[in-house]
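Chemist: Sequence and predicted structure, then a few things I'm wondering about:
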Amino acid sequence: MPGGRLTQQERQQIALGLADGLAYAEIARGLERPTSTITREVLRNGGPTGYRADLAHRATERRTHRRRQAAPREPDATPQAHGRDAEAVREYEETLTTVFMQSGMPKMMARVHAALCTTDSGSLTASELVQRLQVSPASISKAITFLDSQGLIRRERDERRRERYVVDDDIWYQSMIASARSTAQVVETARQGVGVLGPGTPAATRLENIARFLDFVSESLARAADQAREVLHTKPEGAAGDEAGQTSPDGRG
């Protein structure tokens, strides 16, 4: 399987594959490249409907040029834990950032969230994020405020009283519940509009249909989040409590 950066010819093949409606995996097989490489390339350069080989190639050359200029100022690369490939980790973090952006998250917020998700500890301080992402403290502060408002991070204090930003197993549950609550507010407001615009009118009917659809979705989302949390994050009975709950044959602990 070839390595290194994509060539202009490969980018043209990607564009042709997208035009033919091929899946990323199928395009990757034709180029003998990892699917993740194709996914990152397309999402970073306009998405499946906006990808253009020439623009993508020029954008990559600009990014490479900027990295070479910045290289003398960057600190020495920190050795990766668990024997990971540093370049592969960096590229994956870029891919995750791009996917978060495609879901509607602003770029800096996506970068911070991806950085938190790819740390073994699942937590970083503001200064650690500044150093890791090479951005200003103000940019980190703005991103943290946004992520906190969306329920995508949790704040806590460490032993040195520094504020840490945490992504753990429960964060996505909290985010889903926050999203369901937000959708419920849209439902309530839409139904208020039915009374204002007059039941049975075209506008009121449209709002009622919106309310019914979103009401069903928000309830289903909250129910699914509760079920997933219970199934995925609840320890099996006896795993931790066997010893504590074990009794002797005569009934005494």
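Modeler: Cool, the structure landed.

Chemist: Can you get me a residue count around Glu219?
Modeler: Applying the criterion other C-beta atoms under 10 Å, we find 14 residues in the vicinity of Glu219. Bear in mind the C-beta positions are built from the backbone N, C-alpha and C, glycine included.

Chemist: and what of Glu163?
Modeler: Counted with other C-beta under 10 Å, Glu163 comes out at 11.

Chemist: do the same with Arg90
Modeler: 13.

Chemist: Just the buried residues of the helix or strand that contains it, please?
Modeler: In this structure, Arg90 sits in helix 86-102 according to DSSP states H and E. Within helix 86-102, the residues that qualify as buried are 92-98, 100-101, counting by 16 or more other C-beta atoms under 10 Å.

Chemist: relative to helix 86-102, how tilted is the next helix-or-strand element following it?
Modeler: Once the chain leaves helix 86-102, the next helix or strand it forms, by DSSP H and E, is helix 107-117. Angle, helix 107-117 to helix 86-102, by axes from the mean of the first three to the mean of the last three C-alpha atoms, to 10 degrees: 130 degrees.

Chemist: Show me what secondary structure element comes after helix 107-117.
Modeler: With DSSP H and E, the next secondary element past helix 107-117 is strand 123-125.

Chemist: Contacts only, for the most centrally placed residue in the chain.
Modeler: Residue closest to the mean C-alpha point of the chain, counted by C-alpha atoms, centre = their mean, is Phe100 at 4.2 Å. Neighbour list for Phe100: 109-110, 113-114 [criterion: C-beta atoms under 8 Å, 6 or more residues apart in numbering].
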